[in-house]
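J.: Requesting a structural model of the entry that follows:
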Amino acid sequence: QVQLVDSGGNLVQPGGSLRLSCVASGFTLDYYAIGWFRQAPGKEREGVLCATSTFGVTYGADFVKGRFTISRDNGKNTAYLQMDDLKPEDTAVYYCATFKNPYVCSLAPSEASSWGQGTQVTVSS
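T.: Model prediction:
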């Protein structure tokens, strides 16, 4: 059974950093594409970053602008979203996800198949 568990969200000041974690179980994360999405209050869920297996290909939303990166620890079957230079508009619940085509990543939420439960990121002074 595929399961994803997000964690690492917190309250952080503008300009600060956070690292979110996505622990996978029921499959070997290294073989699959992984994506991060977010949903702010009153807004639709949107794609943040996604990467194919072994991070051969990575796609990011325009608002990322080099501030966010994906990494993974295969030994821990865990993916990470490193977020730097955070802005108040980054406030949202963040979710990791796998995809309907497990080898192709997308920033479209409709292409995701399994989701983590979400972790709250709040950027405020």
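J.: Buried residues of stretch 85-96, list them for me.
T.: Leu86, Asp90, Thr91, Ala92, Val93, Tyr94, Tyr95, Cys96 (16 or more other C-beta atoms under 10 Å). In this view, the C-beta of every residue, glycine as well, is placed from N, C-alpha and C.
J.: Then stretch 3-14?
T.: Buried-residue list, stretch 3-14, by 16+ other C-beta under 10 Å: Leu4, Asp6, Gly8, Gly9, Val12.
J.: quick one on the thing from earlier: can you tell me which of the buried residues of stretch 85-96 is closest to Ala33?
T.: Using C-beta to C-beta, Cys96 comes nearest to Ala33 of the buried residues of stretch 85-96, at 11.2 Å.
J.: Would you confirm that the closest one belongs to a strand?
T.: Yes - Cys96: assigned to a strand according to DSSP: H, G, I helix; E, B strand; the rest coil.
J.: Could you give the bridge partners of it?
T.: Cys96 has these beta-bridge partners by DSSP bridges: Trp36.
J.: What score does the nearest residue to Pro88 once chain neighbours are set aside have for pLDDT?
T.: Distances taken as C-beta to C-beta, 6 or more residues apart in numbering put Val123 closest to Pro88, at 5.0 Å, once the chain neighbours are dropped. You'll see Val123 listed with a pLDDT of 98.
J.: Make sure Phe68 is actually in contact with Ala51.
T.: No - using C-beta atoms under 8 Å, Phe68 is not in contact with Ala51, being 11.3 Å away.
J.: Near Ala40, how many other residues are there?
T.: Neighbour count of Ala40, defined by other C-beta atoms under 10 Å: 14.
J.: Show the pLDDT at it.
T.: pLDDT at Ala40 comes out at 97.
J.: and the gap between Ala33 and Ser125?
T.: 36 Å (C-beta to C-beta, to the nearest Å).
J.: out of those two, which sits in the more crowded spot?
T.: For Ala33 and Ser125, the more surrounded residue by other C-beta under 10 Å is Ala33, and the numbers stand at 24 against 8.
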